[in-house]
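Novice: Predicted model, plus sequence, below.
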Amino acid sequence: MAVDAGRLALTVSDDGVGVAAPVSAEAFGIGLGATCGRLARMYPGQHTFDLRARPEGGTEVRITLPLRLDTTTETTALAHAATADRG
């Protein structure tokens, strides 16, 4: 997981047999197809879902989403930490 140009980037890879290129996520069954569909509904035109064969073998999936920080949660956590330090 990383932040890349204001976007959250998630990458999962394995070193298995891999996939044939080019590949469509929908071709890999219900799970990945449902994930692609859900991302398209939640982040229309604002996400990526890339599935590729790794050159050294295996498969890699990379998903990017808009990065949204919940500053309310951060502020609350900082306030609780400051209070705990005083006690």
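Specialist: Great, that's in hand. Residues are numbered from 1 along each chain as shown.

Novice: Pretty sure Gly33 sits in a helix.
Specialist: Yes. Gly33 forms part of a helix when assessed by DSSP: H, G, I helix; E, B strand; the rest coil.

Novice: From Thr59, how far off is it?
Specialist: Separation of Gly33 from Thr59 (C-beta to C-beta, to the nearest Å): 16 Å. Glycine gets a C-beta too; all of them are placed from N, C-alpha and C.

Novice: So which of these two has more stuff around it?
Specialist: Thr59 (18 against 14; other C-beta atoms under 10 Å).

Novice: which residues does that one bridge with?
Specialist: Under DSSP bridges, the beta-bridge partners of Thr59 are Ala53.

Novice: Please name the residues that touch it.
Specialist: Applying C-beta atoms under 8 Å, 6 or more residues apart in numbering to Thr59 gives the contacts 13-14, 16, 18-19, 51-53.

Novice: Of those, which count as buried by neighbour count?
Specialist: 18-19, 51-53 (16 or more other C-beta atoms under 10 Å).

Novice: right, and the pair among those residues with maximum separation?
Specialist: Gly18 and Leu51 (10.7 Å; C-beta to C-beta).

Novice: hmm, back to that, wait, which of the contacts of Thr59 is closest to Ile63?
Specialist: Leu51 (9.7 Å).

Novice: so the closest one makes contact with Ala20?
Specialist: No. Leu51 is beyond contact range of Ala20, at 11.1 Å (criterion: C-beta atoms under 8 Å).

Novice: Low-confidence regions, this protein specifically.
Specialist: For the chain, the stretches flagged by pLDDT under 70 are 21-22, 24-28, 71-87.

Novice: do that again at 80, thanks
Specialist: Residues of the chain meeting the criterion pLDDT under 80: 20-29, 70-87.

Novice: Grab the most central residue of it for me.
Specialist: Residue closest to the average C-alpha location in the chain (C-alpha atoms, centre = their mean): Leu10, at 3.4 Å.

Novice: Alright, that wraps it up for me.
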